[in-house]
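> just a sequence and a predicted model for now, questions to come.
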Amino acid sequence: MSDLPKDLDTFRSETREWLEANCPAEMREPVRGEEDIYWGGRRASFKNDAQKAWFEACLAKGYTVPAWPKEYGGAGLTPPEAKVLRQEMSRINARPPLSSFGIWMLGPALLHFGTEEQKKHFLGEIARGEIRWCQGYSEPGSGSDLVSLQTFGEDEDDHWVVNGQKVWTSYADQADWIFCLVRTDKENKYQGITFMLFDMESEGCSTKPIKLISGNSPFCETFFDNVKVPKSYGEGIPAYVGEINRGWDVAKYLLGHEREMISGADGGNTGTIGAAMKRHAGELDPVLRAELAMFDVDALAYGAMGEKFLDEIKVGKAHPAQPNMMKYAGTELNKRRHELMMSAGGSRSLEWESEETNGGKPSRNWLRTKANSIEGGTSEVMLNVISKRILDLPGS
Amino acid sequence: MPLYHDDDQAMLADSASQFMAEQGNIAKQLRHWRDRDCPDGFGHELWKQFAEMGFTGMLLDEGDGGLGMGHVEAGIVLEEIGRNLTPSPFLTSSVLAATALKHGSDDMRGRYLPGLVSGESVFAVAIDEGPKHRPERIKTRAEKSGNGFKLSGQKDFVIHGASSDMIVVAARTSGSDDDNDGITLFAVPKDAANMSHDAVRLVDSSVATHTKFDGVELDGDAVIGEVDGGREILDAILAAGRVGSAAEGVGVASGAMDMTVEYLKQRKQFGKLIGEFQALQHRASHLYSEVEIARAATIKAQQLLDAGSEKADLMSSVAKAKVAKAAGLSVREGVQMHGGIGMTDEYDIGLYMKRDRALGEFFGDAYYHAGRVAELSGY
């Protein structure tokens, strides 16, 4: 709002030129599989030269983390500029140069709660794709009721000895470091958790992939058996974010952030499906066509809601609990989208391994969406939050 | 343009909200006129107050005595009308007929607009033929006759038809019933010979007419815009009607929801406030999210329409359909969560249910508009 449209126009045309010159054609193809995503990390390798060239061009420009300040490896773009970049990248279907939980989750937490030295150290590594992070939140006994987590760090003066188990740790088997919620005070439920950072190569750390109904294994079980975590990694670089025993504040902040991300409000998938069915227009069962139309009404309306939500966030008009509503509505919509896409695709969409379906994409994606309304807070938890914080309904 | 009200619009919303709550509330207007079996279904005194507030001519150009505002602003007033179930000719006169008359000659605008601005006049629009909204098909015919036309046919669901000083009528001057072209819009004055109204009270206490044109003779100067060139004007009326009734629907949905959420915080059963029960909390929260999304779709459609965007057509049907669904949910959940008293005439929640039913049908229901979304999307 404060930026002159003229400046943004200039930025847009410069961005367009830069993308034209630097984004290889192969990087404008839709992501077809896991290997098309570059996650970075110690064990990372590029799938091809184009992926490497695209990553390096973005790195040099600060575009792996465009909205982060320059001193931490970003490009220091203002929110409107970052939006323009997203729009221009999306216009040419440019793939993200680097994906990581460091960018999406730990980065925002450090930017908000971290010390200057922590930011310089960890954010730089993330921006350069050197360290791949995973998130250690859920435990077998602590899903929706996350704060009941039991993984415990015994205080041994200059370090903790961590014991316990995490579950649903995304790509833990491929991650280098973990940001992890660890109980450091058994007497204090909310103010007894520390947001720790440690190396997955530490002795006593092990992972086991979980095979999902989609046949894929993006998640792991992660075990900590007497893992020694030092309290500091050097002057001004504590091994935890925020304060000891106040990790819940960081987790809550990040959950809000995650919900925004999952809700798809930030340029995510709010697309219609009916339009994609155009070529089948004559063959569509009339009742299915009606369902698609009703879905498209909801999808287009939700698209407007996403836009309104972002506009309101920028000027502080959005209710602080509104991301919960966006997450609820967005994930439920996405599940419905994939149900309808499966129906519209008929028997073709049942194929689990064929070339035509690119290895069973329709059915695997459909199954994957079932987690949308579970991960990052279930739909039922979102509805609880809306009841209490927005509608101000009495607690039971 | 950001999807929230700017400072001027927020000020308008404040004053419209206060005005409608004080002067247009359910006890003072809807129940008052209903219980007196008022043939108009609304109060003319309130309509004059609308004029004093500057609402009546808000969409008109300043040269025509209006405020030169857009559908976002009209929507602000309509949302408050919806929230208070205020019976008024605002939508039919100040939004729909005003949209049509903008295309009229200087002479025609001079004839009708001062009365609209001052709140002396009430206008209606006659589009539907039959119980469902199908504006693609216009059977009512106007045959050339001397220097003018002779109008024959029947229009249905003409809100305020019998109370209006003038009715905007969409008629066919050439081609066959389903043709896109060949439509002409007429401003038919109330004293036109051979026009008759069968006025019926609807479920929401509003009054609509089945209006018959049995060879109604009209001068050439009753034509709005060009002969055979009415489809474009009709489309403008339809777009205004879609976003306008969507905005009013957002008000109905929010009014019913707020009333219901309040009730959940007061009513006790089993020794608890019923709002403590998760079964009800989740339903209320789902409703909140649907109403918020409907509101977003509506302001998006209003802004696109005001900007003259080609995307306005699709979005106005999205808004109308989404609001119809959300408002329907709101009133049904409202009555259910009120329990037995929700079924009584004494409580207002049932009035919301009735209004939603009528408003949802006006200018096309959710099924009609979802169908349009499919067609506009090419499937």
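Cool, got the structure.
> look at the residue lying closest to residue A:378 once chain neighbours are set aside and give its secondary structure.
The spatially closest residue to residue A:378, leaving aside those adjacent along the chain, is residue A:144, at 5.5 Å (CB to CB, 6 or more residues apart in numbering or on different chains). (Glycine included, C-beta is placed from N, CA and C.) Using DSSP: H, G, I helix; E, B strand; the rest coil, the structure places residue A:144 in coil.
> how many neighbours does residue A:144 have?
12 (other CB atoms under 10 Å in any protein chain shown).
> quick one, strands of the chain?
If you meant another chain, say so; for now it's chain A. According to DSSP state E, chain A carries its strands in the segments A:133-136, A:152-155, A:159-170, A:177-183, A:193-199, A:205-210, A:219-230, A:240-241.
> correction: the question concerned chain B.
Under DSSP E, chain B gives strands at B:123-126, B:141-145, B:148-159, B:166-172, B:183-189, B:195-201, B:207-218, B:223-224, B:268-269, B:272-273.
> flag every buried residue along stretch B:327-343.
Across stretch B:327-343, burial judged by 16 or more other CB atoms under 10 Å in any protein chain shown covers B:327-331, B:333-335, B:337-338, B:342.
> tell me the mean pLDDT for that stretch?
The average pLDDT within stretch B:327-343 is 97.
> give me the pLDDT value at whatever residue of the stretch 101-250 of chain A ends up closest to chain B.
Residue nearest to chain B within the stretch 101-250 of chain A: residue A:144 (13.0 Å; CB to the nearest CB). pLDDT, residue A:144: 85.
> for residue A:300, see how far away it is.
31 Å (CB to CB, to the nearest Å).
> now residue B:346
Remark: distance between residue B:346 and residue A:300 (CB to CB) = 40 Å.
> how about residue B:66?
Using CB to CB, residue B:66 is found at 31 Å from residue A:300.
> between the two, who's got more neighbours?
More neighbours surround residue A:300 than the other of residue B:66 and residue A:300, with 27 against 20 (other CB under 10 Å).
> wait, that one touches residue A:273, no?
No. Residue A:300 is beyond contact range of residue A:273, at 11.2 Å (criterion: CB atoms under 8 Å).
> pull up the overlap in contacts between the two.
Common neighbours of residue A:300 and residue A:273 are not found (criterion: CB atoms under 8 Å, 6 or more residues apart in numbering or on different chains).
> now do the helices in the stretch 1-150 of chain A.
A:5-22, A:49-61, A:79-91, A:101, A:107-113, A:116-118, A:124-127 (DSSP state H, counting those that start in this stretch).
> report the mean confidence score over the second one.
Taken as a whole, helix A:49-61 carries a mean pLDDT of 96.
> mind checking the longest helix of the chain?
Picked chain A for this. helix A:286-314 (DSSP state H).
> not quite, go with chain B.
Longest helix in chain B, counting by DSSP H: helix B:230-264.
> I'd like to know which elements that helix is packed against.
Where contact means 3 or more CB pairs under 8 Å, 6 or more residues apart in numbering or on different chains; DSSP states H and E, helix B:230-264 is packed against helix B:71-84, helix B:98-101, strand B:166-172, strand B:183-189, helix B:278-306, helix B:312-338, helix B:349-361.
> these: which one's closest to residue A:393?
helix B:278-306 (5.3 Å; CB to CB).
> give me the distance from the closest one to the chain's centre.
19 Å (CA atoms, centre = their mean, to the nearest Å).
> pretty sure residue A:148 sits against residue A:142.
Yes. With contact defined as CB under 8 Å, residue A:148 and residue A:142 form a contacting pair (4.7 Å).
> the residue of the stretch 151-300 of chain A found nearest chain B: neighbour count?
As assessed by CB to the nearest CB, chain B sits closest to residue A:293 within the stretch 151-300 of chain A, at 4.0 Å. Using other CB under 10 Å, residue A:293 has 25 other residues around it.
> list the contacts of it.
Contact analysis of residue A:293 by CB under 8 Å, 6+ apart lists A:274, B:370-371, B:373-374.
> pLDDT score for it?
With respect to pLDDT, residue A:293 has a value of 96.
> check residue A:152 too.
Residue A:152 is given a pLDDT of 98.
> quick check: it touching residue A:162?
Yes. With contacts counted by CB under 8 Å, residue A:152 reaches residue A:162, the gap being 7.1 Å.
> give me the common contacts of these two.
If you check residue A:152 and residue A:162 against CB under 8 Å, 6+ apart, the residues they both contact are residue A:182.
> which of those two has more neighbours?
Shown here are residue A:152 and residue A:162; by other CB under 10 Å, residue A:162 has more neighbours (26 against 17).
> out of the strands of chain B, flag the one nearest chain A.
For the strands of chain B, proximity to chain A was assessed by CB to the nearest CB; strand B:272-273 is nearest, at 4.9 Å.
> strands paired with the closest one, and their directions?
strand B:268-269 (antiparallel) (DSSP bridges).
> quick check on the residue lying farthest from the centre of chain A: phi, psi?
The outermost residue of chain A relative to its centre, with distances by CA atoms, centre = their mean, is residue A:282 at 38.8 Å. When read as degrees, to the nearest 10, the backbone of residue A:282 gives phi -70, psi -30.
> mind checking pLDDT for residue A:257?
Looking at residue A:257, its pLDDT stands at 76.
> name the nearest residue to it, ignoring sequence neighbours.
Spatial nearest neighbour of residue A:257, excluding adjacent residues (CB to CB, 6+ apart): residue A:108 at 5.3 Å.
> got the contact list for residue 34?
Since no chain was named, I'll use chain A. residue A:216.
> chain B, not that one
So residue B:34 contacts B:41, B:205 (CB under 8 Å, 6+ apart).
> ok, residue A:255 next?
Contact analysis of residue A:255 by CB under 8 Å, 6+ apart lists A:376-377.
> show me the shaky parts of the stretch 201-350 of chain A.
A:259-270 (pLDDT under 70).
> that one against chain B: which residues are in contact?
A:272, A:274-275, A:277-278, A:280-281, A:284, A:289-290, A:292-294, A:296-298, A:300-302, A:304-305, A:307-309, A:311-312, A:314-315, A:317, A:325, A:328-329 (CB under 8 Å from any CB of the partner chain).
> residue 88: neighbouring residues, count only.
Just so you know, I chose chain A. 20.
> hmm, no, I was thinking of chain B.
Around residue B:88 there are 27 other residues, counting by other CB under 10 Å.
> how close does it sit to residue B:77?
Distance, residue B:88 to residue B:77, by CB to CB: 9 Å.
> per-residue pLDDT of the closest residue to residue A:300 other than its chain neighbours, please?
In space, and not counting its chain neighbours, residue A:300 is closest to residue B:318: 4.5 Å by CB to CB, 6+ apart. At residue B:318, the pLDDT value in this model is 98.
> does residue B:318 touch residue B:298 like I think?
No. At 9.3 Å, residue B:318 does not count as touching residue B:298 under the criterion of CB under 8 Å.
> list the contacts for the residue of the stretch 101-250 of chain B found nearest chain A?
Residue nearest to chain A within the stretch 101-250 of chain B: residue B:246 (10.4 Å; CB to the nearest CB). Residues in contact with residue B:246 (CB under 8 Å, 6+ apart) are B:75, B:294, B:297-298, B:301, B:316, B:319-320, B:322-323.
> what's the closest of the residues you listed to residue A:191?
Using CB to CB, residue B:294 comes nearest to residue A:191 of these, at 40.4 Å.
> ok, that closest one to chain A distance?
Distance of residue B:294 to chain A, given as CB to the nearest CB, to the nearest Å: 7 Å.
> could you find the closest non-adjacent residue to residue B:21?
Once flanking residues are discounted, residue B:21 sits nearest to residue B:84: 6.4 Å by CB to CB, 6+ apart.
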